[in-house]
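S.K.: predicted coordinates and the sequence they were generated for:
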Amino acid sequence: MAFRDGPFENLKVPLTWTAAVVVVVALVGAVLLLVTDRRSDDGVSSYGALRGGAEAVAAPVGGVLSAPVRWVGAVGDYIGGYFFAVSENRRLKAEIEDLRAWRDEAIALKNVNSRYEAMMALRTEPPMPMVTARAISDVRGPFNRARLLDAGEAKGVRIGNPVMNEFGLAGRVTGVTGGVSRMVLLTDVASRVPVLIERTDARAMLVGDGGENPRLDYVRGAGALQPGDRVLSSGDGGGVPRGLPVGVVARGVDGAWRVKLFSDRGPIDYVRILLFQNFAQLISPEALNAPPLAGLTTAPEPTPEQAARIADVAARRRAEAEAQAERTRVALAQAEQAERIRAAQQAQQAQTPPPAQPRPAAPAPAQGRTTQPRPQAQPQGQAQAPTQTAPAAATPARPDAEDET
């Protein structure tokens with residue numbers, strides 16, 4: 001007899017009650033599984049094998065059942081993309097235009113950043129302070145080569161400071177205001193920079209003539225130049241520090257020696273201004289005047305024998321110095337005494353009058369001497385008659401001769 005023909009033929013169970021019973025049974029089973037799920041000492045669950053088998057069976061079944069769902073989703077996306085392709089294309093074009101502007105800006109910033117990094121890598125020996133500046137104006141003419149820089153006295157820039165880009169020396173500052181300075185390039189006709197040839201150490205003067213390659217004048221030494229020789233600043237005159245890269249030597253079309261400047265390898269828009277005035281700022285006078293042994297360690301203590309020798313030598317030198325001082329004192333005293341004696345003698349001679357000299361007596365006339373008249377002056381051309389002259393002195397008469405007469 002079939003079930004429908006039995007007494008339960010007209011029995012109807014509501015669907016809600018059936019679902020509620022199934023849920024209650026499932027909850028009871030879950031609770032029982034949680035309560036009875038005991039783990040052994042090694043941490044392995046008692047239902048681990050059963051759970052693993054269930055998962056191994058359910059995984060392929062779930063993959064097969066989810067495949068149609070994925071295919072339906074992909075088809076829907078394809079159809080939606082086909083119908084919205086025009087609007088998506090327009091959106092992508094607009095985004096590309098925006099990204100292109102960002103790309104150009106990024107490339108420009110990358111170039112500026114690389115320039116900054118190259119200029120920050122500039123090092124001088126010895127180190128000296130620098131200021132970064134940008135060329136804000138370019139003054140060009142048949143002979144003029146100058147730039148205006150956005151750095152002035154406010155940043156410590158002074159007239160005569162050398163200017164470099166990331167490749168080498170570019171020029172010098174010739175005018176300064178508060179926030180702007182004027183730089184004359186090496187190719188300007190007013191530019192004069194003393195340089196040296198690295199290979200031969202020969203000196204020359206780099207003279208700008210308005211062309212692209214300045215000329216080398218006043219080269220010292222025969223055979224001092226060859227094409228390809230590196231040219232550096234010599235530092236002569238104290239206007240530019242020594243050793244700054246300038247360029248390489250080349251023979252010009254006019255036969256003169258010229259220099260291909262390193263600064264022409266890149267644009268002269270971002271530069272570094274060297275705050276150089278003279279060589280005194282490179283090192284302090286105190287360091288130059290330091291004693292030669294200032295950096296040495298203290299000498300070890302001498303041994304007793306060395307100390308005795310040192311004391312003996314010091315005593316001898318002291319005795320010799322004292323004897324020399326005594327001899328010098330005695331010599332000075334003797335010289336001073338002799339000077340006083342000489343001064344006293346001169347004073348005594350000045351006070352004593354000289355003795356009077358006796359006057360010679362006039363000769364007495366002799367007795368019996370007759371005076372002869374003086375001869376008359378005769379005219380020129382006539383001979384003078386000889387005259388007899390009286391004896392110089394008369395002989396005195398004897399008394400007996402007077403008696404006889």
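M.R.: Now that the structure is in, tell me what you want to look at. From a predicted model like this one, the values you see are computed outputs, not experimental measurements.
S.K.: element containing Leu196?
M.R.: For Leu196, the host element (DSSP states H and E) is strand 192-197.
S.K.: each with direction, which strands does that strand pair with?
M.R.: Strand 192-197 has the following strand partners under DSSP bridges: strand 203-207 (antiparallel), strand 230-233 (antiparallel).
S.K.: so what touches the longest one?
M.R.: This points to strand 203-207. Identification of contacts with strand 203-207 by C-beta atoms under 8 Å, 6 or more residues apart in numbering yields 186, 191-197, 214-220, 224-225, 231, 234, 236, 246, 259. For every residue, glycine as well, the C-beta is placed using N, CA and C.
S.K.: tell me which of the strands paired with strand 192-197 lies nearest to Gln345.
M.R.: The closest of the strands paired with strand 192-197 to Gln345 is strand 203-207. By C-beta to C-beta, the value is 68.5 Å.
S.K.: of the contacts of strand 203-207, just the buried ones, PyMOL syntax please.
M.R.: Remark: buried members of the contacts of strand 203-207, expressed as a PyMOL selection using 16 or more other C-beta atoms under 10 Å:
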select buried, resi 186+191+192+193+194+195+196+197+214+215+216+219+224+225+231+234+246+259
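S.K.: could you list the low-pLDDT ranges of this structure?
M.R.: 1-15, 32-52, 54-55, 57-58, 117-126, 140-143, 279-299, 353-405 (pLDDT under 70).
S.K.: ok, which stretches of it are helices?
M.R.: 15-36, 48-83, 85-120, 285-288, 304-351, 399-404 (DSSP state H).
S.K.: make CSV out of those and add distance to Ile136.
M.R.: Output for these, formatted as CSV (distance: least, C-beta to C-beta, whole Å):
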stretch, distance to Ile136
helix 15-36, 80
helix 48-83, 53
helix 85-120, 15
helix 285-288, 39
helix 304-351, 71
helix 399-404, 143
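S.K.: want to throw those into TSV with distance to Tyr270 and mean neighbour count?
M.R.: Rendered in TSV, the data for the helices of the chain read as follows (distance: least, C-beta to C-beta, whole Å; neighbours: other C-beta atoms under 10 Å):
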stretch	distance to Tyr270	mean neighbour count
helix 15-36	74	10
helix 48-83	49	10
helix 85-120	5	11
helix 285-288	34	8
helix 304-351	65	10
helix 399-404	144	8
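S.K.: who wins for proximity to Asn161 among those helices?
M.R.: Closest to Asn161 of the helices of the chain is helix 85-120 (C-beta to C-beta; 15.4 Å).
S.K.: run a quick neighbour tally on Asn144.
M.R.: 14 (other C-beta atoms under 10 Å).
S.K.: got the contact list for it?
M.R.: By C-beta under 8 Å, 6+ apart, the contact list for Asn144 reads Asp188, Val189, Gly210.
S.K.: can I have the buried ones of these as a ChimeraX selection?
M.R.: Entered in ChimeraX, the line below selects the buried ones among these, by 16+ other C-beta under 10 Å:
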select :188,189
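S.K.: can you tell me which of the contacts of Asn144 is nearest Pro60?
M.R.: Looking across the contacts of Asn144 and measuring by C-beta to C-beta, the closest to Pro60 is Asp188, at 85.7 Å.
S.K.: wait, that closest one touches Gly171, no?
M.R.: Yes: contact criterion C-beta atoms under 8 Å: Asp188 and Gly171 qualify, at 7.4 Å.
S.K.: in CSV: the strands paired with strand 192-197, plus distance to Asp150.
M.R.: Conversion of these to CSV gives the following (distance: least, C-beta to C-beta, whole Å):
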stretch, distance to Asp150
strand 203-207, 27
strand 230-233, 25
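S.K.: between those, which gets nearest to Leu92?
M.R.: strand 230-233 (54.2 Å).
S.K.: keeping just the C-alphas, turn the closest one into CSV.
M.R.: C-alpha atoms of strand 230-233 as CSV (Å, rounded to 0.1, in the frame of the first residue of the first chain):
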residue,chain,number,x,y,z
ARG,A,230,94.2,71.5,-20.7
VAL,A,231,94.1,75.1,-19.6
LEU,A,232,93.5,76.1,-15.9
SER,A,233,93.3,79.4,-14.1
